[in-house]
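# Provided below for reference: sequence and predicted model.
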Amino acid sequence: MHLLKQTRTKRESAPAARPARAVTWRSLMLGTLLVPVNAYWLINMECIRSSAHPTTISILFNAIFIVLVLSLINMLVARRRPGWALTQGELMVIYIMMMISSAIAGHDMIQVLVPMLAWPFQFPNHASPLFVDKLPKWLMVSDPEVIRGYFYGNSSIYDPKILAAWATPVLMWGLFIIAILFVGQCINTILRKQWTEHEKLSYPVAQVPLEVTQGTYEGKLPRIFKSKLFWIAFGAAGAMDIINGLNMYYPSVPRILVPGSGLSYFDLGTLVATKPWNAIGWTPISWYPFLVGFGMLLPVDLLFSCWFFFIFWKLQRVAAVALAYDIDPRIPYVSNQAFGAYVAFFLFSLWLSRKYLADVWRCAVGAASSLDDSEEPIRYRWALLGIAAGTAFLSWFCTLVGLSWTIGILFMLIYFVLAVAITRMRAELGSPVHDLHFTGPDWILADTLGQRAFGGSTLIGFSILYWFNRAYRCHPMPMQLEGFKLAERTRSSQRAWFWGMMFAGVIATGAAFWAMLHLNYEYGSVAKAQHRFGWESYNRLAGWLVDPKGPNALATGAVFVGLGSAFFLQYMRTRLPWWPFHPLGFAVASGWEMNLVWMPLFIAWLLKLLILRYGGLKAFRDYLPFFYGLILGQFVIGSLMNILGAILKIPTYQFWQ
């Protein structure tokens, strides 16, 4: 007994294990070199050539491809010079730097912001006299000589006059983006331990980079690469894209029909041309092998709920027309219902974490608490102060574009409520999409309370802040939490990851502005580029100012219907073990992206259900390499084709829309 006590005392007094290397000068330097390359490649694909759109779904093929290439190079280095090889933690730091870079340079941030800063001065609309003079020109670019090159190309961002005109707007909006990243990381610091260590959420999106880097730092092939099933699926998915890619250049090469993958969709909506069934609208049948593979990493009830509620939302529209409610084309206000469901998901998260959050507060103020925050990304006290200070800065910035302090604070609170809900969705279930198009705080406040409730300056402010609320497909906050999860999986310092990700955010913001301006001054935003988001916000603003509406009871009611429906689904899920409907499926299935992914998720649900029912968990694990092969087969070949297309400046087969 004495020996046992002695051993226990030694173990308890032993110093904690030293964190594994992750956020090192090597990983940060290599990531810094790759961030501009990634931003250039991404904007070239999505904005200029429209050849693929990785930031429209949760799993970003460009980030996976980059870390896979690095991982294989690292394996070769480890075999020759083991001391030079990067650890898995270092590879994961680079991966997260690519993810954060992609979020900022993606469809729903920089690609919307930059054209908005110049659009109303180059392309005024019928209501422009009502608002152009009231725009904060020091936050925008209005000189006709400067912005002409942006829209029509054959120019250069490196002209001193052009650089000077963009300097202040880029700096100020860059600070705004960095503040959003900082507040998101502080919120994640508060939630990390509860979600990762206590509830042990699964983080499905983070599983793919972990698999492709596993063992390479020791000179070994990743485990999945040793499976014949992996190479069968990789070869099939990759060969299909190669053949279809060749068909673009050589029509004599027969194409493999993969609806949705660079080819024409079969639209179910074309089968019904009469009321009320034509209300289903665009309903494509698509099949993306990588999405079938990714779907196998998701829970069965989520897969079922995604496609089931996709059909449910379509039938709501049919019912609205059948009951002659289509005099208002927005009925049944699907987006507003989805907003209510997202808010419900946020409230679920708070309720599940209520005791933990109370402990966090006690720890932050120095009271007795069961929590120890010494190993957290930052101390809870500083995280709470960071949230308060960051939100105050963001709200103050909102006042610069026309909002009052009260509306500015409410605006940012709604934004972060949605951010927390999306982050929880990704961490718990790996939601493949979470776009929530046109349902940000600008839409919800103006829609429910009515535009007449706000002055013209507030409506102008809503419109200027449209760029990061148009949709939330590549939101950075869930990626930051996945970074903390990867720190835990690689046994590296959470604190180092916090500051490493902030460093990545600063570098990524500068790189995104550079790539967007460089490419558009070369090609022209309206001359050759494929995406021009600048008009959306200002056309909406014109409608608001010319014909402002009052409070919309139906829109407000739809929010509460969505909130109540999500609560009901969650209540039934906790009371009935067999209940198949997940409230998250109800929320995300309403988004536009679900049109593209519902069929692959249906296929994944059917396959996973059959494998688990007739083969059990062991069979499912045995088949997993096959589904990783589907993911990587399309990602590798699709990435290589896009890189080749960018270099040669030729069209590229579009394996993901």
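Looks like it arrived, so ask away. Numbers count the residues shown, from 1 in each chain.

# pLDDT at Asn38, what is it?
pLDDT recorded at Asn38 is 98.

# pLDDT weak spots in the protein?
Counting by pLDDT under 70, the chain contains low-confidence residues at 1-18, 257-265, 530-532.

# On the three-state scheme, Ser525 is what?
At Ser525 the chain is in coil, as set by DSSP: H, G, I helix; E, B strand; the rest coil.

# so what's the nearest residue to it once chain neighbours are set aside up against?
Distances taken as Cβ to Cβ, 6 or more residues apart in numbering place Phe151 nearest to Ser525, at 4.9 Å, with adjacent residues excluded. The way it works is simple: take the backbone N, C-alpha and C, and place the C-beta from them, glycine included. Phe151 makes contact with Ala118, Gln122, Asn520, Gly524, Ser525, Val526, Ala527, according to Cβ atoms under 8 Å, 6 or more residues apart in numbering.

# so can I have a markdown table of those showing distance to Pro284 and neighbour count?
Converted to a markdown table, the contacts of Phe151 look like this (distance: Cβ to Cβ, whole Å; neighbours: other Cβ atoms under 10 Å):
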| residue | distance to Pro284 | neighbour count |
| --- | --- | --- |
| Ala118 | 34 | 25 |
| Gln122 | 34 | 18 |
| Asn520 | 30 | 29 |
| Gly524 | 30 | 19 |
| Ser525 | 28 | 28 |
| Val526 | 28 | 18 |
| Ala527 | 30 | 11 |
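
# helix/strand/coil for the residue nearest to Ser525?
When classified by three-state DSSP, Phe151 comes out as helix.

# cool, Gly591 as well?
Gly591 ends up coil, using three-state DSSP.

# what's near enough to touch the residue most central in space within the chain?
Centroid check for the chain by Cα atoms, centre = their mean gives Cys474 as the closest residue, at 2.0 Å. Contacts for Cys474 (Cβ under 8 Å, 6+ apart) come out as Thr55, Thr56, Leu60, Ser102, Ala103, Gly106, His107, Asp108, Met109.

# Show me the residues you listed that map onto helices.
Ser102, Ala103 (DSSP state H).

# Show me the two of the contacts of Cys474 that sit farthest apart.
Greatest spatial distance among those (Cβ to Cβ): Leu60 and Met109, at 13.6 Å.

# what number of residues lie near Gln316?
Gln316 has 17 neighbours, counted by other Cβ atoms under 10 Å.

# Who are the contact partners of it?
By Cβ under 8 Å, 6+ apart, Gln316 lies in contact with Pro332, Val334.

# helix/strand/coil for it?
Relying on three-state DSSP, one would call Gln316 helix.

# Would you confirm that Trp313 contacts Tyr333?
No: using Cβ atoms under 8 Å, Trp313 makes no contact with Tyr333, being 11.1 Å away.

# Skip ahead from whichever strand or helix holds Cys306 and say which helix or strand is next.
Assigned by DSSP states H and E, Cys306 belongs to helix 300-322. Using DSSP H and E, the helix or strand that directly follows helix 300-322 along the chain is helix 334-352.

# tell me which residues in that following helix are buried?
Buried positions in helix 334-352, judged by neighbour count with 16 or more other Cβ atoms under 10 Å: 334-349.

# ok, these vs Leu403, which is closest?
Distances from Leu403 to the buried residues of helix 334-352, taken by Cβ to Cβ, are shortest for Phe339, at 19.6 Å.

# quick one: that closest one from Phe560, how far?
10 Å (Cβ to Cβ, to the nearest Å).

# shared neighbours of those two, which are they?
Contacts common to Phe339 and Phe560, judged by Cβ under 8 Å, 6+ apart, are absent.

# Going by secondary structure, Ala167 is in what exactly?
Here Ala167 sits within helix 160-192, counting by DSSP H and E.

# what's the closest residue in space to Ile110 that isn't next to it in sequence in contact with, if anything?
Closest residue to Ile110 apart from its sequence neighbours, by Cβ to Cβ, 6+ apart: Ala512 at 4.3 Å. Going by Cβ under 8 Å, 6+ apart, Ala512 touches Ala39, Ile43, Ser101, Ile104, Ala105, Met109, Ile110.

# and of those residues, the nearest to Ala496?
Ser101 (18.9 Å).

# burial of that closest one, as a residue count?
Neighbour tally, Ser101, other Cβ under 10 Å: 32.

# quick one: it and Trp41 touch, right?
No: checked against Cβ under 8 Å, the pair Ser101 and Trp41 is beyond contact range at 10.1 Å.

# need the strands for the chain, in chain order.
With strands called from DSSP state E, the chain shows them at 266-267, 284-285.

# need these in JSON lines with mean neighbour count and distance to Val292, can you?
What follows is the strands of the chain, written out as JSON lines (neighbours: other Cβ atoms under 10 Å; distance: least, Cβ to Cβ, whole Å):
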{"stretch": "strand 266-267", "mean neighbour count": "14", "distance to Val292": "17"}
{"stretch": "strand 284-285", "mean neighbour count": "14", "distance to Val292": "14"}
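
# want to throw those into TSV with distance to Lys608?
Shown next, in TSV, are those (distance: least, Cβ to Cβ, whole Å):
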stretch	distance to Lys608
strand 266-267	24
strand 284-285	20
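
# Quick one: closest of these to Phe635.
Here strand 284-285 is closest among these (Cβ to Cβ), at 21.7 Å.

# Against which helices or strands is that closest one packed?
Applying 3 or more Cβ pairs under 8 Å, 6 or more residues apart in numbering; DSSP states H and E, one finds that strand 284-285 contacts strand 266-267, helix 594-648.

# from those, which stretch is densest packed?
Across these, averaging neighbours per residue (mean count of other Cβ atoms under 10 Å) puts helix 594-648 on top, at a mean of 19.

# Measure how that one sits relative to helix 300-322, angle-wise.
Following axes from the mean of the first three to the mean of the last three Cα atoms, to 10 degrees, one obtains 110 degrees for the angle between helix 594-648 and helix 300-322.

# From Tyr217, how far out is the nearest residue in space to Glu482 that is not next to it in sequence?
Among residues not flanking Glu482 along the chain, Ala206 sits closest, at 4.7 Å (Cβ to Cβ, 6+ apart). Using Cβ to Cβ, Ala206 is found at 17 Å from Tyr217.

# Looking at these two, which has the bigger crowd around it?
Legend: neighbour count by other Cβ under 10 Å for Ala206 and Tyr217, higher for Ala206 (24 against 21).

# looking at it, Ala646 is touching Met45, isn't it?
Yes: between Ala646 and Met45 a contact is recorded at 7.3 Å, counting by Cβ under 8 Å.

# Now do the shared contacts for the two.
With Cβ under 8 Å, 6+ apart as the test, Ala646 and Met45 both reach Ser51.

# So what does the residue nearest to Gly269 when sequence neighbours are not counted have for phi and psi?
Nearest residue to Gly269, sequence neighbours excluded (Cβ to Cβ, 6+ apart): Thr283, at 4.8 Å. Thr283 has phi and psi values of phi -130, psi 80 when expressed as degrees, to the nearest 10.

# which residues touch Ala515?
When contacts are counted by Cβ under 8 Å, 6+ apart, Ala515 touches Pro36, Ala39, Tyr40, Leu42, Ile43, Asn44, Ala105.

# 6 Å - rerun?
Ala39, Tyr40, Ile43 (Cβ atoms under 6 Å, 6 or more residues apart in numbering).

# ok, now how distant is the residue lying closest to it once chain neighbours are set aside from Trp497?
The shortest distance from Ala515 to any non-neighbouring residue, by Cβ to Cβ, 6+ apart, is to Ala39 (4.1 Å). Separation of Ala39 from Trp497 (Cβ to Cβ): 21 Å.

# Check the gap between the residue lying closest to Arg426 once chain neighbours are set aside and Leu418 for me.
With Cβ to Cβ, 6+ apart as the criterion, Arg426 has its nearest non-adjacent residue at 3.8 Å, and that residue is Pro478. Note on Pro478: its distance to Leu418, by Cβ to Cβ, is 11 Å.

# Understood, closing this out.
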